[in-house]
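1. have a look; sequence and predicted model below, questions after that.
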2 protein chains.
Amino acid sequence: MLEKTVRMNALFDFYQPLLTLKQQKYMELYFLDDFSLGEISETFDVSRQAVYDNIRRTEAMLEEYEEKLGLYQKYKERTKRYRQLRKYAEESSPSPGLMKTIDALEKLEEEGTK
Amino acid sequence: MLEKTVRMNALFDFYQPLLTLKQQKYMELYFLDDFSLGEISETFDVSRQAVYDNIRRTEAMLEEYEEKLGLYQKYKERTKRYRQLRKYAEESSPSPGLMKTIDALEKLEEEGTK
């Protein structure tokens, strides 16, 4: 379950803007804030089953987006390469510009998942 | 018009998997293969107006996806940084590993837009 939560949080980071506001809210409460289905259903005054169905559908949508666009997968590959870059750069005598550019690339990825 | 064609080609590269097969086919013929609306309407035996409407709607969808996910914008920022990296790396005495990692990052971007 922890592994799934981590993955759903990551996919949610990348594809959140493609979801409806209700989907975003449920996902946020369930996966980020660790609300139970019962707590979400009380908060929104809907049935527990409705919340459950909505979240399951949203999970499937996120996996479908990832299958089509692969943003999370590509993000992981890039950040792995950035760590390599930093290692190789530090092993030589890197120019300040080189290190700053690596910093900028890493910063770009952080912004990209907000 | 040329500027718009370049942009639509780029957005199409990034968001193509989110379009229907018909949308993909029309966009490909119109923007990549430079077919006229008349030629597309003959090919598919539909009205010129139907093709026109479909393409206009698809253009709007692509712009909406870009507004939400910004994949083309982020791609441009990353590739600009990769060029900087290469310049800074070449100015020092870069390790082969450093240059290979930059190559791998650039290759990743090419794959990402196919």
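-> Arrived safely, thanks for sending. Numbers count the residues shown, from 1 in each chain, chains lettered A, B, ... in the order given.
2. domain parsing for chain A?
-> A:2-69, A:73-112 (automatic domain parsing).
3. look up phi and psi at A:Ser92.
-> phi -90, psi -160 (degrees, to the nearest 10).
4. and it, how many neighbours?
-> Neighbours of A:Ser92 under the rule other C-beta atoms under 10 Å in any protein chain shown: 15. C-beta: built from backbone N, CA, C; applies to glycine.
5. wait, what's in contact with it?
-> If you count contacts by C-beta atoms under 8 Å, 6 or more residues apart in numbering or on different chains, A:Ser92 has them with B:Ser92, B:Ser93, B:Pro94, B:Ser95, B:Leu98.
6. identify each buried residue in the least confident helix or strand in chain A by mean pLDDT, please.
-> One helix or strand of chain A scores below all others by mean pLDDT, DSSP states H and E: helix A:96-112, with a mean of 88. The neighbour-count check on helix A:96-112 (16 or more other C-beta atoms under 10 Å in any protein chain shown) flags A:Leu98, A:Thr101, A:Ile102, A:Leu105, A:Gly112 as buried.
7. make CSV from the domains of chain A and add distance to B:Thr5 to it.
-> Shown next, in CSV, are these (distance: least, C-beta to C-beta, whole Å):
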stretch, distance to B:Thr5
domain A:2-69, 23
domain A:73-112, 26
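8. worst mean pLDDT among those domains?
-> The weakest mean pLDDT among the domains of chain A belongs to domain A:73-112, with a mean of 89.
9. can you list the residues of chain A near chain B?
-> A:17-18, A:65, A:68-71, A:74, A:77-78, A:81, A:84-85, A:88-89, A:91-95, A:97-98, A:101-102, A:104-105, A:108, A:112 (C-beta under 8 Å from any C-beta of the partner chain).
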